[in-house]
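Undergrad: pasting the sequence and the predicted model now:
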Amino acid sequence: MWTFINKLGSPRWFYAISARLLPWLWAAAAVLIAVGSIWGLAFAPADYQQGNSFRIIYVHVPAAFLAQSIFVAMAVSGLIFMVWKIKIADMAAAMMAPLGAAMTFIALFSGAVWGVPTWGTWWMWDARLTSMLILLFLYVGVIALRGAFSSRDSASRAASVLAMVGVINIPIIKYSVDWWYTLHQPATFSVTSRPAMPLEMWMPLLIMVLGFYCFFIALTLTRTRSEILRRESTKRWVRELAGEGG
Amino acid sequence: MAFSSLNDFFAMGGHAPYVWSAWAMTLTLLLGSVLHARHERRQLIRQLQRRSRRERHHAAQGRAPRSRSRAGDIDDT
């Protein structure tokens, strides 16, 4: 187990193994998102209360899931980097932050657009909405912090600490709908419990959520490989790679 | 199929602006992320190859390679 972790922490080994996984991950993401989109947009039945505006759920919920999962992944990577000095964890954390910010933005944007026909307002200082906005600011903070240091090591440590502290916001987001029930409804989707909606509405949502997770993993691996080339450009194996034509 | 015609599908029962703007924003950001990652990777590989070519060139001429911080070169930024 430890040798496995040590190997995984080696950029060279990571670079080789991720190359083998990536085509499958990208293919899975593309197929799942395509199937989920067509199913959700055209085939799932309209909601009896909300009509067709409920089809926003198929982008809103997966994006909101990812927004939170990516922040947790970033905090865990930060912890791994701080405790074991595994550089690849820091590279991955740096590369996933912009996607996390994008997902948070999508969740907020699609929620606002959905709110107009459903609640009659696009924004309210509801606990769920506010804590998601804070998540967006945390992402922006982590990204800005990395750019604010001239030394890479200080930048990495500062970003790791902010991610580890900011992760407190995640349980707040999760339970906000139960603690302060003002506007946003409680969770309607869970992978583990029995669906609270008809199966023909729930299936495409499950497919979209899985597709978004595959997308996140594929994008993070792809970008971490680029970051390896960037940071390890003076290493012999990277130079040999370049000599061979990538 | 939840719609009887293509026009029906695009109209989304009167909710077209909401449904399509949310979906368009999502798909644009997903696609943008992929294109950005691809561009980033290609650019890095190009830079590495340029450097490796130049180093070989210098080695062939029996000179030490020049400083790697020349314009357009890979850097630690």
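TA: Yep, that arrived.
Undergrad: now the helices for chain A?
TA: Using DSSP state H, the helices of chain A run over A:2-8, A:11-38, A:57-84, A:87-119, A:127-147, A:152-166, A:169-179, A:199-231, A:236-244.
Undergrad: so, low pLDDT: which residues of the chain?
TA: Answering for chain A, as no chain was given. For chain A, the stretches with pLDDT under 70 are A:1-8, A:181, A:191-192, A:194-195, A:244-246.
Undergrad: hm, I was asking about chain B
TA: Looking at chain B by pLDDT under 70, you get B:63-77.
Undergrad: output the set of residues of chain B in proximity to chain A.
TA: With Cβ under 8 Å from any Cβ of the partner chain as the criterion, chain B meets chain A at residues B:1-3, B:9, B:12-15, B:18-19, B:21-23, B:25-26, B:29-30, B:33-34, B:37-38, B:40-41, B:44-45, B:47-49, B:51-52, B:55-56, B:68, B:74, B:76. Glycine gets a C-beta too; all of them are placed from N, C-alpha and C.
Undergrad: wait, what's in contact with residue A:56?
TA: Residue A:56 is in contact with A:110, A:113, A:114, B:18, B:19, B:22, B:23, counting by Cβ atoms under 8 Å, 6 or more residues apart in numbering or on different chains.
Undergrad: for those, which one is nearest residue A:162?
TA: Checking the contacts of residue A:56 against residue A:162 with Cβ to Cβ, the nearest one is residue A:110 at 26.3 Å.
Undergrad: out of the residues of chain B next to chain A, which are buried?
TA: Among the residues of chain B next to chain A, the ones that count as buried by 16 or more other Cβ atoms under 10 Å in any protein chain shown are B:2-3, B:9, B:12-13, B:15, B:18-19, B:22-23, B:25-26, B:29-30, B:33-34, B:37, B:40-41, B:44-45, B:47-49, B:51-52, B:55, B:74.
Undergrad: list the contacts of stretch B:16-24.
TA: Outside stretch B:16-24, the residues that touch it by Cβ under 8 Å, 6+ apart are A:37, A:41, A:52-53, A:55-56, A:59-60, A:109-110, A:113-114, A:116-117, B:10, B:12.
Undergrad: I'd like to know which of those residues are buried.
TA: With burial judged by 16+ other Cβ under 10 Å, the buried subset of those is A:37, A:41, A:52-53, A:55-56, A:59-60, A:109-110, A:113-114, A:117, B:12.
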